[in-house]
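1. Any chance you could fold what I've pasted below:
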Amino acid sequence: MKKFICLLASLLLSNSPVEADAEDTRTVIQLSPKHRAMVLTEMREFLRGLQQISEALSREDMDSVAGVARSLGTSMSQHMPAELKQALPQGFRKLGHSVHSHFDQIALDAESLADSGHALSQLAHTLSGCVSCHSMYQIRNE
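-> Reported below is the predicted structural model:
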């Protein structure tokens, strides 16, 4: 066990971290602190929902999958203030709408098909939208 811990420690310490001053080439979205907090809160809701859907899928609980997915669907985006929507770039809004729409479809299919494999595949596709957005944009305070 001591050998394992020493090996693990040496591996962790020997890995060189990513340079702190590496240039971030993502598009900067400048928002007011209030609007930035709203967007980040929505993203945290996505993460919470993804965890809950994953857990429900592990139990084959398609009713829970549908309920959580529906809560993350397009109805969620209707609570965003118009001035925030206008402040966001079109590409960001398109990706966001796509992710919300995917959650709506996951909910519908979870109810009608009750196929956890299909739902998991849909979830992976939805996550690719999250990855794309996080790869393209960063949100900063004005």
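
2. elements contacting the helix or strand in which Thr41 is found?
-> Assessed by DSSP states H and E, Thr41 sits inside helix 33-58. If you count contacts as 3 or more C-beta pairs under 8 Å, 6 or more residues apart in numbering; DSSP states H and E, helix 33-58 packs onto helix 62-71, helix 82-87, helix 90-112, helix 116-136, strand 137-141. Heads up, the C-betas are built off the backbone N, CA and C, glycines and all.

3. what is the mean pLDDT for that helix?
-> The predicted model gives helix 33-58 an average pLDDT of 98.

4. for it, which positions count as buried?
-> Residues of helix 33-58 classed as buried: 35-36, 38-39, 42-43, 46, 49-50, 52-53, 56-57 (neighbour count, 16 or more other C-beta atoms under 10 Å).

5. Equivalent analysis for stretch 68-88, please.
-> 68-70, 72-73, 76-77, 80, 87-88.

6. and what of stretch 88-100?
-> 88, 92, 95-96, 98-100.
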